[in-house]
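Colleague: The following block contains a protein sequence and its predicted model.
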Amino acid sequence: MQQKCNSPDQNMAAGCILDNTPESRMEIPVECVGAMGLLIFDLSPVKEELMRVKRLFFSVCLCLTVGITAFGASLPCRSPGTERWPVKTSLPPGAPTKTMTLADALNLARLTDVKKDDPRYQTTRIMDQPVKEDTLVTISGYLYLVGFESDDCDFHIQISPQPRTSTNPPTKDDNCIIVEAPSGQYATTIADQVEGVRQWVIDNLLGKTAPTIGSVHVMQHPVYVTVTGALFYDDAHTYLANGGTGRGKKGMESNTLWELHPVTSIAFAPAPSATPPSGIDQRLPRLSAYFTVARIAPVEIPPSTSSVWPVT
């Protein structure tokens, strides 16, 4: 048992501690020396405690860093989807990639033999119909909005032939194809691809701010993109009498049950140039947009006079 230094001027043997130190605190060895009561503290216990805290802090930081790196693109999800969920969260094995115009994608044939929530295809791909779910398709078009679905955590994206925005809203005649990027939490076999798509959307379209579940973000300016994903038929819905499907958000309806789901890549693309009016030679500039062009015609003049082409 170490002795206590009862007063500052007490001359005691090495190893005494201050009497007013609580038992619950670290005991710091003190040596009282000389007639003036000089105290010499042994700080090695303090150094050891600081090193222990430092090691603990480093371990916690390391764990947090690993966690953030591994799940940096993931967002919290409430629950997985249900309808055809195994198909929505995977890719067809060995599927080829086909580039298709947006017009052709919007006009893919209806599968009249496929019923709503057809039990034949809840866990398997449609491979026995005129159009099959065996291909990755690449399309380009204007991205109208991004929604963060509350029921299955998908990123819901609408691609349209028209450059619709928050200030140039859709009309009843507009059409779009829906493409979706599921969470890597559910699409585990292609987690890197789908999370890459979702992170690209956050970084490039949402101002690097992760969306909240249930939110919908309409583009403020025209955004033209190229998207690749698995061809998918959404038989959870049906075609309506007016030709629509009742699918789509913020005033833009999709008139097809075909989707790209899951989406595996997305990128900005050059927007197509405006098509000139028919009958105009596309190789020549339209000078009338910049100058007033006068019509000229030849006139009869005496043979002895030089030819003149007056402007009329």
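Modeller: That came through fine.

Colleague: By mean pLDDT, point me to the weakest helix or strand of this structure.
Modeller: Ranked by mean pLDDT, DSSP states H and E, the weakest helix or strand in the chain is strand 17-18, scoring a mean of 43.

Colleague: residue ranges with poor pLDDT in the stretch 151-300 of the chain?
Modeller: Filtered on pLDDT under 70, the stretch 151-300 of the chain yields the residue ranges 275-300.

Colleague: now the strands for it?
Modeller: Under the criterion DSSP state E, counting those that start in this stretch, the stretch 151-300 of the chain contains strands at 155-160, 177-181, 216-218, 224-233, 258-268.

Colleague: for those strands, which one sits closest to M127?
Modeller: Evaluated with Cβ to Cβ, these place strand 224-233 nearest to M127, the distance being 11.3 Å. Any C-beta I mention is one placed from the backbone N, CA and C, and that applies to glycine too.

Colleague: which stretches of the stretch 51-200 of the chain form helices?
Modeller: 85-88, 102-106, 191-205 (DSSP state H, counting those that start in this stretch).

Colleague: To K172, which of the ones you listed lies closest?
Modeller: K172 lies closest to helix 102-106 among the helices of the stretch 51-200 of the chain, at 15.7 Å (Cβ to Cβ).

Colleague: tell me the mean pLDDT for the closest one?
Modeller: Mean pLDDT, helix 102-106: 98.

Colleague: Now do it: everything it contacts.
Modeller: Helix 102-106 is contacted from outside by 137, 139-141, 159, 161, 175-177, 255-256, 258, using Cβ atoms under 8 Å, 6 or more residues apart in numbering.

Colleague: same check, this time on stretch 128-138
Modeller: Here stretch 128-138 makes contact (Cβ under 8 Å, 6+ apart) with 87, 91-92, 95-100, 105, 108-109, 111, 113-114, 125-127, 226-233, 258, 260, 264.

Colleague: Pull the contacting residues for T245.
Modeller: By Cβ under 8 Å, 6+ apart, T245 lies in contact with 237-239, 253-257.

Colleague: If we use 6 Å, what do you get?
Modeller: 237, 254, 257 (Cβ atoms under 6 Å, 6 or more residues apart in numbering).

Colleague: So what pairs up with the nearest residue in space to V263 that is not next to it in sequence in the strands?
Modeller: Leaving aside its chain neighbours, V263 sits nearest to G229 (3.9 Å; criterion: Cβ to Cβ, 6 or more residues apart in numbering). G229 has these beta-bridge partners by DSSP bridges: V137, V263.

Colleague: Could you double-check that G229 lies in contact with W258?
Modeller: No - using Cβ atoms under 6 Å, G229 is not in contact with W258, being 11.0 Å away.

Colleague: When those two are compared, which one has more neighbours?
Modeller: Taking neighbours as other Cβ atoms under 10 Å, G229 and W258 compare with G229 leading, 26 against 23.

Colleague: distance of the more buried one from P182?
Modeller: Applying Cβ to Cβ, to the nearest Å, the value for G229 to P182 is 10 Å.

Colleague: if I look at these two, which residues touch both of them?
Modeller: Counting by Cβ under 6 Å, 6+ apart, the contacts common to G229 and P182 are P262.

Colleague: so can I have TSV of the strands of the stretch 151-300 of the chain showing distance to T209?
Modeller: Below are these laid out as TSV (distance: least, Cβ to Cβ, whole Å):
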stretch	distance to T209
strand 155-160	14
strand 177-181	17
strand 216-218	10
strand 224-233	19
strand 258-268	18
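
Colleague: Of all these, which one is nearest R120?
Modeller: Across the strands of the stretch 151-300 of the chain, R120 has its closest neighbour in strand 224-233 (11.9 Å, Cβ to Cβ).

Colleague: Go through the closest one and flag the buried ones.
Modeller: For strand 224-233, a neighbour-count test (16 or more other Cβ atoms under 10 Å) marks 225-233 as buried.

Colleague: which helices and strands sit right next to that strand?
Modeller: The elements that strand 224-233 packs onto, with contact taken as 3 or more Cβ pairs under 6 Å, 6 or more residues apart in numbering; DSSP states H and E, are strand 136-148, strand 258-268.
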